[in-house]
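**Q** take a look and give me a structure for this.
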Amino acid sequence: MTYIVTDACIRCKFTDCVEVCPVDCFYEGENMLVIHPDECIDCGVCEPECPVEAIKPDTEDDPDGKWLALNSKYAEVWPNITVKKDPPPDYQKFETETGKLEKYFSPEPPKD
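**A** Predicted coordinates:
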């Protein structure tokens, strides 16, 4: 098992989780984070840190493997993130929205 980041992170991109990760397995895209499944040690300390509940065990919220595949793919190309950053200024508009993958996902790395 590994932890994965799901679409609740898209356009919210809270980074509270990266500060508690003991193995620095988070990677940052333009509008979301992912977890590198080969680096995650399944400790679970990141899960309660996410205010939008975007972090889940892959066995709980990913029956078809879609989120595990997305996390795996982008952890290989996006830069590692190890320090907390401010969320996007408009995050509140997106916190409770569902179906964000199809509407907003960006495969690009962060612009800063």
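**Q** quick one, helices of the chain?
**A** 16-20, 58-61, 66-75, 100-104 (DSSP state H).
**Q** pull the residues that contact the helix or strand of the chain with the lowest mean pLDDT.
**A** Lowest mean confidence among the helices and strands of the chain (mean pLDDT, DSSP states H and E): helix 58-61, at a mean of 80. For helix 58-61, contacts defined as CB atoms under 8 Å, 6 or more residues apart in numbering pick out 1-4, 6, 37, 65, 67-68. Heads up, the C-betas are built off the backbone N, CA and C, glycines and all.
**Q** picking that back up, redo the helices of the chain as CSV? Include mean neighbour count.
**A** Output for the helices of the chain, formatted as CSV (neighbours: other CB atoms under 10 Å):
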stretch, mean neighbour count
helix 16-20, 17
helix 58-61, 14
helix 66-75, 18
helix 100-104, 14
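**Q** mean pLDDT for those helices: which is lowest?
**A** When the helices of the chain are ranked by mean pLDDT, helix 58-61 comes last with a mean of 80.
**Q** so how far is that one from its chain's centroid?
**A** 14 Å (CA atoms, centre = their mean, to the nearest Å).
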